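Undergrad: the sequence and its predicted three-dimensional model are supplied below.
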Amino acid sequence: MGTKDISILAIESSCDETSASIIVNGKVLNNIVATQSVHEKYGGVVPELASRAHQENLIPVVQEAVFSSGIAKEDLSAVAFTRGPGLMGSLLVGVSFAKAFAYGLGIPIIEVNHMHAHVLAHFIDEPKPEFPFICLTVSGGHTQLVLVKSHLEMEVIGETRDDAVGEAFDKTAKLLGLPYPGGPLIDKYAKAGNPRAFEFPITRMPELDYSFSGIKTAVLYFLRDQLATNPNFITENLNDLCASIQYSLIKMLTIKLEKAVKDYGVKNVAIAGGVSANSGLRQTLDELARKKGWELFVPKFEYCTDNAGMIAIAAHYKYLAGDFTTMDVAPLAKMKI
């Protein structure tokens, strides 16, 4: 290792994925993720159980990241961590570990905004978008349209007023009797269904904001009425139901994305966050990009969901800018870009 190498250990623990990554001079060497399966039987993430699982997983995950990178921990330049947004208990585990680890090595710490990192996941691999670009960030907890002006300068130009789109996927999946997390299952069954079989409302919000709570209610009442006359309605129409729900959710996302691109005159478009792994969304955006002449950027699947690789790349740019954090830092459950 040369003395000028910038080597950073990054830690992500905002929800139910415990992850660690090593980045050297802007190149992500690994991205170790431990997924928590404890939440499946509860139909959603249980914060207290998530915190405990992070405590169990964090040391093995960090050991694996350091060992597989071939870099001695004494050669690290800094330790980065997710400060927020996320579950307070989960964040606390990651923040506390990062502070102690860095203190022991006598190196600085770098706080990273989880949503900022989702956007910067696009700079892990080629091709990388040029500035400015618009990023549609879609996950279980967030739905945002972000105008990205530089690695460190971003502006939220639209966001959901209630549920995030990932939440809408999971909640409608639950209404269909699908296990948690249901979003990927809706995507799977939708492939064999007719997206126009059933019509669900497209919520119209002012400017570039979103609302996804209405479709959940619409699906609830629609299923109630159908099941009253045919108890097997969901089983007999599962593929079409999933396709129709997914079509409506994607339509709501793309209407605002098109408006944002037009309003800001930006032709570079990116997607980020867990829901950007959705094949229906990817396909729809591919078609839109070809039709509208956009340059579309989609991260690898492993960098869509919560991971430390994206925390590492965000930390790299903050390191270059000399943006370090003091040891009295505390996690933030809510945190703006």
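TA: Done, it's in. Residues are numbered from 1 along each chain as shown.
Undergrad: which residues in the protein form helices?
TA: Along the chain, counting by DSSP state H, helices occupy 47-69, 88-105, 114-120, 165-175, 183-190, 213-229, 233-264, 279-292, 308-320.
Undergrad: ok, of those, where does mean pLDDT dip lowest?
TA: Sorting the helices of the chain by mean pLDDT places helix 47-69 lowest, at a mean of 89.
Undergrad: tell me which of the helices of the chain lies nearest to residue 19.
TA: Residue 19 lies closest to helix 308-320 among the helices of the chain, at 3.8 Å (CB to CB). Just so you know, the C-beta spots here come from the backbone N, C-alpha and C atoms, and that holds for glycine as well.
Undergrad: picking up where we left off before, let's have the helices of the chain in CSV, adding distance to residue 31 and mean neighbour count.
TA: As requested, these are exported to CSV (distance: least, CB to CB, whole Å; neighbours: other CB atoms under 10 Å):
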stretch, distance to residue 31, mean neighbour count
helix 47-69, 8, 18
helix 88-105, 15, 20
helix 114-120, 12, 27
helix 165-175, 21, 23
helix 183-190, 19, 20
helix 213-229, 33, 15
helix 233-264, 26, 19
helix 279-292, 20, 15
helix 308-320, 4, 27
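Undergrad: any chance of those helices in JSON lines, with distance to residue 153 too?
TA: Below are these laid out as JSON lines (distance: least, CB to CB, whole Å):
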{"stretch": "helix 47-69", "distance to residue 153": "29"}
{"stretch": "helix 88-105", "distance to residue 153": "24"}
{"stretch": "helix 114-120", "distance to residue 153": "10"}
{"stretch": "helix 165-175", "distance to residue 153": "25"}
{"stretch": "helix 183-190", "distance to residue 153": "31"}
{"stretch": "helix 213-229", "distance to residue 153": "31"}
{"stretch": "helix 233-264", "distance to residue 153": "14"}
{"stretch": "helix 279-292", "distance to residue 153": "24"}
{"stretch": "helix 308-320", "distance to residue 153": "11"}
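Undergrad: closest to residue 326 out of those?
TA: Closest among the helices of the chain, once you apply CB to CB, is helix 88-105, at 10.0 Å.
Undergrad: would you map out the domains in the chain?
TA: The chain breaks down into these domains under automatic domain parsing: 7-119+304-320, 128-298.
Undergrad: distance to residue 333 for those - can I get that in a markdown table?
TA: Shown next, in a markdown table, are the domains of the chain (distance: least, CB to CB, whole Å):
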| stretch | distance to residue 333 |
| --- | --- |
| domain 7-119+304-320 | 5 |
| domain 128-298 | 10 |
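Undergrad: in this structure residue 255 contacts residue 205, no?
TA: No - look at residue 255 against residue 205 with CB atoms under 8 Å: they stay out of range, at 9.7 Å.
Undergrad: and the closest residue in space to residue 54 that isn't next to it in sequence, what does it touch?
TA: Nearest non-adjacent residue to residue 54, counting by CB to CB, 6 or more residues apart in numbering: residue 93, 4.1 Å away. Going by CB atoms under 8 Å, 6 or more residues apart in numbering, residue 93 touches 13, 51, 54, 55, 58.
Undergrad: hang on, the earlier thing: out of the helices of the chain, nearest to residue 337?
TA: Nearest to residue 337 among these is helix 114-120; the distance by CB to CB comes to 5.3 Å.
Undergrad: what's in contact with that closest one?
TA: 12, 14, 82-86, 135, 137, 139, 142, 144, 146, 148, 151, 154, 270, 272-273, 306, 310-311, 313-314, 317, 335, 337.
Undergrad: again, only this time at 6 Å
TA: 14, 82, 85-86, 135, 137, 146, 148, 272-273, 310-311, 313-314, 337 (CB atoms under 6 Å, 6 or more residues apart in numbering).
Undergrad: just the buried ones from these?
TA: Buried members of the contacts of helix 114-120, counted by 16 or more other CB atoms under 10 Å: 14, 82, 85-86, 135, 137, 146, 148, 272-273, 310-311, 313-314, 337.
Undergrad: need the nearest residue in space to the most centrally placed residue in the chain, chain neighbours excluded.
TA: Note on the chain: the residue nearest the mean C-alpha position is residue 273, at 2.6 Å, using CA atoms, centre = their mean. Distances taken as CB to CB, 6+ apart place residue 139 nearest to residue 273, at 3.6 Å, with adjacent residues excluded.
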